[in-house]
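Participant: Generate a structure from the sequence data that follows.
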Amino acid sequence: MFNVLEFLQQPITLRKCVYQHLNSQLTNLKPPATYELFTSTLTPTRRKSSRSRGLRKKLERFAELYSYVPDFVDSWLEYVTCLRYDCIVLDYLRVNRELESTLTQLYWIFISGHPKLGFFSPEGLLQYWCSLEEYRDSVDSDLNLLSTVVNMEHINGKELQELDGYLDRTGRKDLVHQVRFYQDEEALESAEVLDLIAMLESLKSLQAVTVTSQSLFERVVNFHGFRDHPGHTVGFAVKKRVKTLELSRCASRDLRLSMVNLSRWEAVEKVTFTFLEELDLNQVILPPHCVWLRLQSIKSLKWWNAQEIRTKLPIGSKSFGKSMDSSELYICKALLWDILHHIHRVQLIDVGKIEPAPILPLSLFNNGQVQCSGTNDASQVIFL
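Facilitator: Next comes the predicted model:
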């Protein structure tokens, strides 16, 4: 039998490893797969208690996506009620605090009209929620270590204004370290986007910005937005604070990501491109101080052409250090660093087709700064 007290007495390094495997999924409860909906493998309907009906109404916005599977929603409601007071979950949050929110991210959400903190499973299922006061009493009395996210996918325009006022009144705007712009690609430009842009100026601890649509990318992140929407874009002071940019789902199936000019984001050190149909690195101008490039879930990636380097490489050889003249090798390395600038960490995760073969410094590989995971063409990488 699992001994909870014994587990909680284990070193934090051991508990951290266990929690990392959870991946923000606190139970085995997951939305049913498509085949389950057609094979009648779901559990039979149970009689709902009045408490369950009240909780369902309270969390209606988080359950409506799964309303077609009422039994699943009932099971979820039972879990989230218990998890709020589970000692393992509270320890999970304390370890997450120590690891600077690398286990999970805490998002601002609204329940019954009141701002709460919550986190979600990878499938988007709410796992836990609490008020700021409950977090302080149950998890950590020092809120200065708390990192939170404002995600427009979880709150609407009215709630954003209420959250802005709440954080102002409580003097807790410094708790927001990340914002996530979200808008349906087919929707017209909404006032919520402008409200969030205006709110950024007061978020002095802001470190990361994520954008999840083509239109928002052009307006919020790309240099063209500054030119095409003067007075309604992210200000210079905000760009000086942001350290991380993530561009996700910024091109539809029939639309390529246009020229990406991130040169005005002078403080950004990490750039992530994720869930794209196609990306051409020759059309990307990275921030001047970018040191970490993460490319994830991209179906087709066009690497830097680097023709001047490729013409100097001997055909049919992988040991360029041994087969090239030392002076030629030195020139190739210099040209490569001229392309990469300050980048000293590259991640290729679940990338489909890559053309031409990527060229990277051997020194980065030897220092463990090159990660290739789930990428078909990883074996074609050329190291100099």
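Participant: What are the boundaries of the strands in the stretch 251-384 of the chain?
Facilitator: 260-261, 270-280, 284-285, 292-302, 345-349, 353-355, 359-360, 370-373, 382-383 (DSSP state E, counting those that start in this stretch).
Participant: Keeping just the C-alphas, turn stretch 302-313 into CSV.
Facilitator: Extracted C-alpha coordinates of stretch 302-313, given in CSV (Å, rounded to 0.1, in the frame of the first residue of the first chain):
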residue,chain,number,x,y,z
LYS,A,302,13.5,24.7,-44.1
TRP,A,303,16.9,25.1,-42.5
TRP,A,304,19.2,28.0,-43.2
ASN,A,305,20.6,27.7,-46.8
ALA,A,306,24.2,28.5,-45.8
GLN,A,307,25.3,27.8,-49.4
GLU,A,308,28.8,29.3,-48.8
ILE,A,309,29.3,26.6,-46.2
ARG,A,310,27.8,23.7,-48.1
THR,A,311,29.9,24.3,-51.2
LYS,A,312,33.0,23.8,-49.0
LEU,A,313,31.9,20.6,-47.4
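Participant: got the buried residues for it?
Facilitator: Going by neighbour count (16 or more other CB atoms under 10 Å), the buried part of stretch 302-313 is 302-304, 306, 309, 313. Every residue, glycine included, has its C-beta placed from N, CA and C.
Participant: what's the answer for stretch 54-63, then?
Facilitator: Result for stretch 54-63 [16+ other CB under 10 Å]: buried residues 55-56, 59, 62-63.
Participant: Quote the end-to-end distance of it.
Facilitator: Distance across stretch 54-63, first residue to last, is 13 Å (CA to CA, to the nearest Å).
Participant: Identify the residues contacting that stretch?
Facilitator: 48, 73, 76-77, 80-81, 109, 111-112, 125-126 (CB atoms under 8 Å, 6 or more residues apart in numbering).
Participant: Only whichever of those are buried, select them in PyMOL.
Facilitator: Filtering the contacts of stretch 54-63 down to the buried ones (16+ other CB under 10 Å) takes a single PyMOL command:
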select buried, resi 73+76+77+80+109+111+125+126
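Participant: Would you point out the most distant pair within the contacts of stretch 54-63?
Facilitator: The most widely separated members of the contacts of stretch 54-63 are Lys48 and Ile109, with 23.7 Å between them, by CB to CB.
Participant: State the distance from the residue lying farthest from the centre of the chain to Leu313.
Facilitator: Of all residues in the chain, Asp325 has its C-alpha farthest from the mean position, at 43.4 Å, by CA atoms, centre = their mean. Look at Asp325 and Leu313: by CB to CB, to the nearest Å, they are 12 Å apart.
Participant: can you pull out the strands in the stretch 1-150 of the chain?
Facilitator: Using DSSP E, counting those that start in this stretch, strands in the stretch 1-150 of the chain cover 106-111, 114-120, 126-130, 148-151.
Participant: Can you lay out the ones you listed as CSV showing mean pLDDT and distance to Cys17?
Facilitator: Formatted as CSV, the strands of the stretch 1-150 of the chain follow (pLDDT from 0 to 100; distance: least, CB to CB, whole Å):
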stretch, mean pLDDT, distance to Cys17
strand 106-111, 97, 21
strand 114-120, 96, 19
strand 126-130, 94, 20
strand 148-151, 97, 24
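Participant: Save those strands as TSV, and put in distance to Gly235 too.
Facilitator: Formatted as TSV, the strands of the stretch 1-150 of the chain follow (distance: least, CB to CB, whole Å):
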stretch	distance to Gly235
strand 106-111	22
strand 114-120	25
strand 126-130	32
strand 148-151	17
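Participant: closest one to His344 among the ones you listed?
Facilitator: strand 148-151 (27.1 Å).
Participant: I'd like to know which elements that closest one is packed against.
Facilitator: On a contact count with 3 or more CB pairs under 8 Å, 6 or more residues apart in numbering; DSSP states H and E, strand 148-151 meets strand 106-111, strand 176-181.
Participant: May I have that strand exported as PDB, CA atoms only?
Facilitator: Written as PDB, here are the backbone C-alpha positions of strand 148-151 (Å, rounded to 0.1, in the frame of the first residue of the first chain):
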ATOM      1  CA  THR A 148       1.100  33.100 -12.800                       C
ATOM      2  CA  VAL A 149      -0.100  33.300 -16.300                       C
ATOM      3  CA  VAL A 150      -2.900  35.400 -17.900                       C
ATOM      4  CA  ASN A 151      -4.300  33.300 -20.800                       C
END
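Participant: what angle sits between the helix or strand just after that strand and strand 106-111?
Facilitator: Next helix or strand after strand 148-151 toward the C-terminus (DSSP states H and E): helix 157-170. For helix 157-170 against strand 106-111, the angle by axes from the mean of the first three to the mean of the last three CA atoms, to 10 degrees is 110 degrees.
Participant: For helix 157-170, give the mean pLDDT please.
Facilitator: Regarding helix 157-170, the rounded mean pLDDT is 95.
Participant: JSON lines please, covering the buried residues of stretch 54-63 and showing distance to Thr274.
Facilitator: Below are the buried residues of stretch 54-63 laid out as JSON lines (distance: CB to CB, whole Å):
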{"residue": "Leu55", "distance to Thr274": "34"}
{"residue": "Arg56", "distance to Thr274": "33"}
{"residue": "Leu59", "distance to Thr274": "29"}
{"residue": "Phe62", "distance to Thr274": "24"}
{"residue": "Ala63", "distance to Thr274": "27"}
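Participant: between those, which is nearest Asn3?
Facilitator: The closest of the buried residues of stretch 54-63, once distances to Asn3 are taken by CB to CB, is Leu55, at 30.4 Å.
Participant: Of the helices and strands packed on strand 148-151, which stretch is the most buried?
Facilitator: strand 176-181 (a mean of 23; mean count of other CB atoms under 10 Å).
Participant: and that one, what other elements does it pack with?
Facilitator: strand 148-151, helix 191-200, strand 208-211.
Participant: What pairs with it, parallel or antiparallel?
Facilitator: strand 148-151 (parallel), strand 208-211 (parallel) (DSSP bridges).
Participant: Redo those strands as TSV? Include distance to Phe2 and mean neighbour count.
Facilitator: Converted to TSV, these look like this (distance: least, CB to CB, whole Å; neighbours: other CB atoms under 10 Å):
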stretch	distance to Phe2	mean neighbour count
strand 148-151	31	21
strand 208-211	36	22
